[in-house]
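Asker: Need a 3D model of the sequence below.
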Amino acid sequence: MENSFLIKLVNYFVVIILLFSCQQQNNSSRIENNQANDSVFSKEKIEIKSPEQGKVYKYGDSILLTFKNYSLTDNDTIQLLVNNQKYEFFKQNNGSLLIFSDSLKAGVNLIQLNINNHKPYYAETYISIISNKAPREYTYKVIKSYPHDDRSYTQGLEFYNGYMYEGSGQYGESMLRKYKIETGQLIQSYNLPDNVFGEGIVIFNNLIYQLTWKSRIAYKYDLNTFKLLGTFEYNTEGWGITKYNNMLVMSDGSNRLYFLNPENFTEISRIEVYDNIGPVVNLNELEYINGYIYANVYQTDNIVIINPKNGFVEGIIRLNNLLNKAKVKREPDVLNGIAYDSEKKRLFVTGKYWPELYHIEIIPLKSL
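Answerer: Numbers count the residues shown, from 1 in each chain. I've put the predicted structure just below:
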C-alpha cells in the first residue's frame, strides 16, 4: 500500500510538472507570435531626400517632398501632418508630394508622413519658414509728452479708463502703480517682495496680471483695490504680457510668444517670431493693438509689429532719439513700455528710468 501510494504521488507531481511545462511553452509561443506580429506591423521608416532637415523657405513657397527609398503609388494611403495637424498635399506623378507654405507658421515646422500600403511606413523632417517680405518701416512724431517717474524701471505699461497702470522692476523697487497721465500723480500702488523682480503687466476681465523675471511667478490683483488674489507659476522667464482674444500672451526674452489660459496660466499654444531674415529675439514688453501684437525689442529703440496668427513681423517702428535728454536727471535705461488708448486711438511709449512718457503717431517711412 505504501509503495502504491508513493507511486501515485510521484505520478501526480510528474503530471503537474508536465502541465506547467506545456503552459510555459504555450505562453512562450504566444509571446513569440505577438512579437512577430508586432514586428510585421511596426512602422518602417522612409528616408526623406528633400527637403533637408532645417531647410529655410519663404512664406508662400511650394515644398516638394521626395524620398530616398520609396516611391508613392496609387495604392498608398497617405496622412500628412504639420505640427501634429492634418495638412493638405498634392501627389505628383514622380512619386513625390507637393505642399504649400502659405498657411504655415513662422519658424520651425515639423512635417510627419504616415503611409500605409499593406504595411505602415513613416517619415519626418522639419523646415523653417521666414517672411516673404521685409517689415514695413515706420518713424514717429511726438504729439505730446507727459511726466513720468524716473525712479520707475518700467517693465509693463497699460492705459485703462483714463489712467495709466505701470509695472516696474529691480529687486527692492518692483511695484504695481496707477497714476494720472497728465500730472504723473500716483493714485494707487502695490509693492512686490524685495526678492522679486517685477516685469510686464496686463489688464484683463477686471483683473491685473503681473509677471516676475526669474521667480517664474505671476501675480493676480483686483483691478480696483490692488488686492492680491492669487499667484500662478510658469516654466520660463517672464518679460512682457498682453491679451489676445480670450487668452494672455507672454514673452520670455526669446523669439517665442506663449498663449496662456488666464484661469490657470497653462500654455494653450505658442508661436515663433520671424521676419524676412530670421528669428527676432529679445521680445520684451507687449501690447495688443488692432489685431496685432506690438513688442519692444530689448536693448534697441525698435518696436516690432507681429501678426499673432502666424508670428511674422509685419512692421517695425524706429524710435531713435525719442528721449528728450534735456529732461534727464538720472542715468536712463532703454526704451520699454507700450500702452494704447483704444477709445482715443493714442499710442504711448516710455523707457526705464525715463523722465517722460510720450504720445506718438507712427508714420510710414516707405510705401509697401
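Asker: so how far is stretch 153-161 off the chain centroid?
Answerer: Stretch 153-161 sits 22 Å away from the centroid of its parent chain (CA atoms, centre = their mean, to the nearest Å).
Asker: Mind checking the pLDDT average for that stretch?
Answerer: Averaging pLDDT along stretch 153-161 yields 96.
Asker: mind listing what's buried in it?
Answerer: Tyr153, Thr154, Gln155, Gly156, Leu157, Glu158, Phe159 (16 or more other CB atoms under 10 Å). Yep, even glycine has a C-beta here, placed from its N, CA and C like the rest.
Asker: what's near enough to touch the residue nearest in space to the middle of the chain?
Answerer: Residue closest to the mean C-alpha point of the chain, counted by CA atoms, centre = their mean, is Arg270 at 2.7 Å. Contact analysis of Arg270 by CB atoms under 8 Å, 6 or more residues apart in numbering lists Arg256, Leu257, Tyr258, Phe259.
Asker: Identify the bridge partners of it.
Answerer: Tyr258 (DSSP bridges).
Asker: Relative to Arg256, how far out is it?
Answerer: 6 Å (CB to CB, to the nearest Å).
Asker: ok, back up a step: could you dump the contacts of Arg270 to CSV with pLDDT?
Answerer: As requested, those are exported to CSV (pLDDT from 0 to 100):
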residue, pLDDT
Arg256, 97
Leu257, 98
Tyr258, 97
Phe259, 97
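Asker: got a winner among the residues you listed for most neighbours?
Answerer: Highest neighbour count within the contacts of Arg270: Leu257, with 25 neighbours (other CB atoms under 10 Å).
Asker: surely that residue meets Val304?
Answerer: No: applying CB atoms under 8 Å as the test, Leu257 and Val304 come out as separate, 11.2 Å apart.
Asker: Find residues that contact each of the two.
Answerer: Val273, Leu283.
Asker: those helices in this structure, which residues are they?
Answerer: 2-41 (DSSP state H).
Asker: For Ile46, give me phi and psi.
Answerer: phi -110, psi 130 (degrees, to the nearest 10).
Asker: residues contacting it?
Answerer: If you count contacts by CB under 8 Å, 6+ apart, then Ile46 has Phe67, Lys68, Asn69, Tyr70, Leu113, Ile115, Tyr121, Tyr122, Ala123 around it.
Asker: Find the residue closest to it in space, skipping its chain neighbours.
Answerer: The shortest distance from Ile46 to any non-neighbouring residue, by CB to CB, 6 or more residues apart in numbering, is to Ala123 (4.1 Å).
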